[in-house]
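Enquirer: Give me coordinates for this.
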Amino acid sequence: FGFIALIFASVNIFGGFLPFLIVGVVGWLIGLIFIKDYPEQVGCYRDNDKSFTKEKADAMLVAELENKKTTVWKLGNTLKCGQFWLATVPMGILLSMSVGAMSQTTQIFAANGLADKFDMLMGLVMICALVGSYVLGLIDGKFGTKCAITVSVIVMLLAGILGAIGGAAVIPCIVLLAIFMGAASNFTVSAAAQYWRREDFSTVFAAVNP
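Expert: The predicted structure is shown next:
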């Protein structure tokens, strides 16, 4: 949707604002219609655990939805919670640095004599981001979010060292950034899911990405 909006905006309709508004509204409606809060609502297994019978899962879902009506985790309490900021700020800073570097890849490659390899390197970035998301996701699931975040911070540190060296070292630097970037957006989900109840997750997570 963002890509389509950028194309529309390039023709400068109403200063480029209207296409973004249209795409935003259409995206919101599609999400409202097709995206559900709970896997049981689309015939999937609760927490991907096939040991739950449909009857048991449905009964638990009803109880959770009832609990959600009286939850204390409204926006005000969420923003007062220290764990909320611990879950969002460190990962937000690291992710913004990674995405910021990726948005400057053309200049970074050109400054290090790699402009002619741009297409190849961006293909490598895509592959490494996919691998990073999967591998760090496995680490997150098996050893915990704290362990996965620690690994990702080490990856970012190595990327920074290689980036400071420059030249051909920029290639493994960008690879490491891509590995982190592919996984980083998952960590806030994991951290929030571990701290807040399932029925509170959607309310709390609505404030995480902003």
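Enquirer: got the residue ranges for the helices in this protein?
Expert: For the chain, the helices defined by DSSP state H cover 2-9, 17-34, 54-68, 75-80, 82-102, 105-111, 118-143, 145-165, 170-195, 198-208.
Enquirer: Run the chain-centre distance for the shortest one.
Expert: Taking CA atoms, centre = their mean, to the nearest Å, one finds helix 75-80 lying 21 Å from the centre of the chain it belongs to.
Enquirer: In a markdown table, list the helices of the chain along with mean neighbour count.
Expert: Every residue, glycine included, has its C-beta placed from N, CA and C. Conversion of the helices of the chain to a markdown table gives the following (neighbours: other CB atoms under 10 Å):
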| stretch | mean neighbour count |
| --- | --- |
| helix 2-9 | 13 |
| helix 17-34 | 12 |
| helix 54-68 | 13 |
| helix 75-80 | 12 |
| helix 82-102 | 16 |
| helix 105-111 | 15 |
| helix 118-143 | 15 |
| helix 145-165 | 17 |
| helix 170-195 | 21 |
| helix 198-208 | 17 |
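Enquirer: Tell me which of those helices approaches Asn48 most closely.
Expert: helix 118-143 (10.4 Å; CB to CB).
Enquirer: picking up where we left off before, can you add mean pLDDT and distance to Gln41 and give the helices of the chain back as JSON lines?
Expert: Formatted as JSON lines, the helices of the chain follow (pLDDT from 0 to 100; distance: least, CB to CB, whole Å):
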{"stretch": "helix 2-9", "mean pLDDT": "52", "distance to Gln41": "27"}
{"stretch": "helix 17-34", "mean pLDDT": "84", "distance to Gln41": "11"}
{"stretch": "helix 54-68", "mean pLDDT": "84", "distance to Gln41": "8"}
{"stretch": "helix 75-80", "mean pLDDT": "89", "distance to Gln41": "24"}
{"stretch": "helix 82-102", "mean pLDDT": "80", "distance to Gln41": "25"}
{"stretch": "helix 105-111", "mean pLDDT": "79", "distance to Gln41": "40"}
{"stretch": "helix 118-143", "mean pLDDT": "86", "distance to Gln41": "23"}
{"stretch": "helix 145-165", "mean pLDDT": "89", "distance to Gln41": "26"}
{"stretch": "helix 170-195", "mean pLDDT": "83", "distance to Gln41": "17"}
{"stretch": "helix 198-208", "mean pLDDT": "83", "distance to Gln41": "12"}
